[in-house]
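Q: Here is a sequence together with a model predicted from it:
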Amino acid sequence: MNLKFNNQLIENYSSNSQIARVLTEDWVKMNSYCPCCGNLMLNDFENNRPVADFFCNNCDEEFELKSKNGNFSNTITDGAYSTMIERINSNQNPNFFFLTYTNNWTVNNFVLIPNHFFTPSIIIKRKPLAETARRAGWIGCNIDISNIPESGKIFIIKECQEIDKHKVVDDYSKTKALKTTNLESRGWIMDVLNCIGKIHSDSFSLNDIYFFENELQLKHPDNKFVKDKIRQQLQYLRDKGFVEFTTRGNYRKIK
């Protein structure tokens, strides 16, 4: 991939936001591929489409691009809060591309987050715009990707280094086993995966996961049997190839 943007495209633009949008969207179209199926080309939708920016005509996956100047961070600014929540609840949200670039218009990180890793809990409501604002009362949102498991952050470019395409497609393919349209189930899967990710060792015990019982109880206040639910999710993750049982009450992460 050529990590440099095509600066010739912005000669007639003065707005920084327009410049960034033109350069990043052009870069994705000209350099990227579909990370879901490996198709060599992505197509762009018409301008100002409210849901997605790109689609793959081979596997029909859709992608929304978010970009920022600077380092990769845990918070990504998105659009209207109500729209984002509605999309997640309807299971119609696209996959997300997150792209970061340097001051000299060079890509340093390009990440895919599959749509089945999105839950309402990672969407953070921003304060309404002031009454003096042009869109007074409008409420935007941020995406807190710190609450997305590491397996849901699939790097295509990491710190200016391109990741092997076959690894990218394989990493995405593995996550497809976690797809579910049931938001409650998806929330539990992602939350338990996150807890596993917080354990520094590849091997861990049931008690290591029980350490997060109070945290999970706060996220799921209606469930009164959190430990039972944890064990259920560990069995599910074992069946899907994300962890394996080693001995009674002990597990190992599968990478």
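A: On my side now, so go ahead. Residues are numbered from 1 along each chain as shown.
Q: all contacts plus neighbour counts: C-alpha atoms, from now on.
A: Fine.
Q: Who is the residue nearest the centre of the chain paired with across the strands?
A: Centroid check for the chain by CA atoms, centre = their mean gives Ile113 as the closest residue, at 2.8 Å. Going by DSSP bridges, Ile113 is paired in beta bridges with Phe96.
Q: Would you check how far apart Ile113 and Ile143 are?
A: 11 Å (CA to CA, to the nearest Å).
Q: wait, is Asp78 part of a helix?
A: No. Assigned with DSSP: H, G, I helix; E, B strand; the rest coil, Asp78 falls outside any helix and is strand.
Q: quick one on the thing from earlier: how about the contacts made by the residue nearest to the centre of the chain?
A: Ile113 is in contact with Asn95, Phe96, Phe97, Phe98, Gly152, Lys153, Ile154, counting by CA atoms under 8 Å, 6 or more residues apart in numbering.
Q: Now do the nearest residue to Lys240 once chain neighbours are set aside against Gly241, distance only.
A: Nearest residue to Lys240, sequence neighbours excluded (CA to CA, 6 or more residues apart in numbering): Ala177, at 6.0 Å. Distance of Ala177 to Gly241, given as CA to CA: 9 Å.
Q: Pull up the overlap in contacts between the two.
A: Counting by CA under 8 Å, 6+ apart, no residue touches both Ala177 and Gly241.
Q: The closest residue to Glu162 other than its chain neighbours: helix or strand, and which one exactly?
A: The shortest distance from Glu162 to any residue that is not its chain neighbour, by CA to CA, 6+ apart, is 6.1 Å, and that residue is Ile156. Per DSSP states H and E: Ile156 is located in strand 154-158.
Q: For that strand, what is the distance to the chain centroid?
A: Mean-position distance between strand 154-158 and its chain equals 12 Å (CA atoms, centre = their mean, to the nearest Å).
Q: now what about that strand, what contacts it?
A: Here strand 154-158 has contacts from 35, 108-113, 162-165, 168, 171-172, using CA under 8 Å, 6+ apart.
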